[in-house]
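Asker: what's the 3D shape of this:
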Amino acid sequence: QVQLVESGGGLVQAGGSLRLSCAASGSIFSLDAMGWYRQALGKQRELVAVITSGGSTNYADSVKGRFTISRDNAKNTVYLQMNSLKPEDTAVYLCNVRFRHYWYSPILDSWGQGTQVTVSS
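Answerer: The predicted structure follows:
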């Protein structure tokens with residue numbers, strides 16, 4: 001089992017900033033890609049940003065230039081720095097981690113419980 005603990009969500013005014021964290025723990029041999037998704041009320045879940053084990057990043061067009069994803073492999077943690085927030089960024093943000101239990105294990109997915117981000121206008 002791998003557990004993900006997210007933190008950092010909250011209520012912020014438009015133009016403000018928040019930093020999300022997601023720490024993975026449990027039976028982990030190695031971490032592969034780590035990412036953040038979001039789901040707004042009544043909408044489908046969408047990818048926000050992802051970072052590979054090698055540090056390559058990819059962002060949704062809607063957040064490019066405003067959000068930055070990073071990871072601390074020593075702490076098994078992924079971060080999402082969100083600047084210049086807009087009301088349309090309001091959503092539940094979910095952490096996703098791909099990992100192996102053992103060196104010979106297939107890559108599996110684990111999801112966090114989600115953290116609410118609300119941006120007021």
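Asker: Which residues are in contact with the residue in the chain sticking out farthest from the centre?
Answerer: Within the chain, the residue lying farthest from the chain centre (CA atoms, centre = their mean) is residue 104, at 26.1 Å. Under the criterion of CB atoms under 8 Å, 6 or more residues apart in numbering, the contact list for residue 104 is empty. Glycine gets a C-beta too; all of them are placed from N, C-alpha and C.
Asker: Against residue 76, how distant is it?
Answerer: 20 Å (CB to CB, to the nearest Å).
Asker: Give me the three-state assignment for the residue farthest from the centre of the chain.
Answerer: Of the three states, residue 104 takes coil under DSSP: H, G, I helix; E, B strand; the rest coil.
Asker: what do you get for residue 16?
Answerer: coil.
Asker: distance of it from residue 36?
Answerer: 18 Å.
Asker: More neighbours: the two, which one.
Answerer: residue 36 (27 against 14; other CB atoms under 10 Å).
Asker: That one against residue 51, yeah?
Answerer: No - look at residue 36 against residue 51 with CB atoms under 8 Å: they stay out of range, at 9.3 Å.
Asker: Overlap of the contact sets of these two?
Answerer: 69, 78.
Asker: could you say which helix or strand contains the residue nearest the centre of the chain?
Answerer: With distances taken as CA atoms, centre = their mean, the residue of the chain nearest its centroid is residue 36 (2.6 Å). Residue 36 is part of strand 30-39 when elements are defined by DSSP states H and E.
Asker: Tell me the strands beside that strand, with direction?
Answerer: strand 46-51 (antiparallel), strand 91-100 (antiparallel) (DSSP bridges).
Asker: ranking those by burial, who's on top?
Answerer: strand 91-100 (a mean of 21; mean count of other CB atoms under 10 Å).
Asker: Pretty sure residue 51 sits against residue 57.
Answerer: Yes - judged on CB under 8 Å, residue 51 makes contact with residue 57 at a distance of 5.0 Å.
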